[in-house]
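Peer 1: Here is a sequence together with a model predicted from it:
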Amino acid sequence: MFRRSKSEAEPVTTPEKPDGKGRPTPSRREAEAAAKARAKAPRTRKEIAAAQRAARSESSQKVRQAMKSGDERYYMARDKGPVRRFVRDFVDSRFSFVELLIPLLILVMVLGYSGNATLAGIGNTVMLGTLLLVVLDILVMRWRLRRELARRFPDEDIKGTTYYAVMRSLQMKFMRLPKAQVKIGQKLPERYR
């Protein structure tokens, strides 16, 4: 038998795990200390309140980040599911007259404080006309949305989707949460499952 010396031996390579943890295994003392720290219950009411506040803050931070990035795992229950995603995209892909309300409110305030009764009357008329346009826009959006939901999700429960869509459409686009994932006028995908 021929034996190789250790210097001649081929180097042994271990295949790397694609999903390895990326850090060394903690020693027994470190692991026990970490477990003891996690198991240590808060003793006073202040400690309990601080721990609850920290947990709430961390949870709400995750939800806020998910709302901005579009990660549906951390959404609130009212925003989850393909039907709600379609409703959000449907509302976000159309121009809404609500976008004009804030600039028009500023214009009406300027006209109202101008001291001229004619200009104030014009401002009030413009505001009333805009509010009527917003109501008409919401009614048309509701009608089209219900038709699309019946076509795309015939077997799904669509209870509450109209209220969800109306509340979302009454917000300015940059203030909507979850953040809009589509642009105005963008064609929506046919499948949302």
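Peer 2: Yep, it's here. Residues are numbered from 1 along each chain as shown.

Peer 1: Which stretches in the chain count as helices?
Peer 2: Assigned by DSSP state H, the helices in the chain fall at 28-39, 45-69, 82-92, 101-112, 117-152, 161-169.

Peer 1: who wins for proximity to Q181 among the ones you listed?
Peer 2: helix 82-92 (6.5 Å; CB to CB). (Each C-beta comes from the backbone N, C-alpha and C, glycine too.)

Peer 1: Contacts for the closest one, please.
Peer 2: 72, 78-79, 141, 145, 148-149, 152-153, 156-158, 161, 164-165, 168-169, 173, 176, 178, 180-182, 184, 188, 192-193 (CB atoms under 8 Å, 6 or more residues apart in numbering).

Peer 1: ok, now stretch 146-162?
Peer 2: 82-84, 86-87, 90, 142, 145, 190, 192.

Peer 1: next one: stretch 171-186
Peer 2: Outside stretch 171-186, the residues that reach it (CB under 8 Å, 6+ apart) are 66-70, 75, 79, 88-89, 92-96, 98-99, 102, 168, 188.

Peer 1: Just the C-alpha atoms of it, please, in PDB.
Peer 2: Extracted C-alpha coordinates of stretch 171-186, given in PDB (Å, rounded to 0.1, in the frame of the first residue of the first chain):
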ATOM      1  CA  GLN A 171     -56.800  60.400  -0.100                       C
ATOM      2  CA  MET A 172     -54.100  62.300  -2.000                       C
ATOM      3  CA  LYS A 173     -52.000  59.800  -4.000                       C
ATOM      4  CA  PHE A 174     -48.800  60.500  -2.200                       C
ATOM      5  CA  MET A 175     -50.400  60.000   1.200                       C
ATOM      6  CA  ARG A 176     -52.000  56.600   0.400                       C
ATOM      7  CA  LEU A 177     -50.800  53.500   2.400                       C
ATOM      8  CA  PRO A 178     -49.900  51.000   1.200                       C
ATOM      9  CA  LYS A 179     -48.000  53.000  -1.400                       C
ATOM     10  CA  ALA A 180     -49.200  53.000  -4.900                       C
ATOM     11  CA  GLN A 181     -47.600  50.300  -7.000                       C
ATOM     12  CA  VAL A 182     -49.000  51.500 -10.400                       C
ATOM     13  CA  LYS A 183     -48.900  54.800 -12.200                       C
ATOM     14  CA  ILE A 184     -51.900  56.700 -13.500                       C
ATOM     15  CA  GLY A 185     -53.100  55.200 -16.800                       C
ATOM     16  CA  GLN A 186     -51.100  52.000 -16.400                       C
END
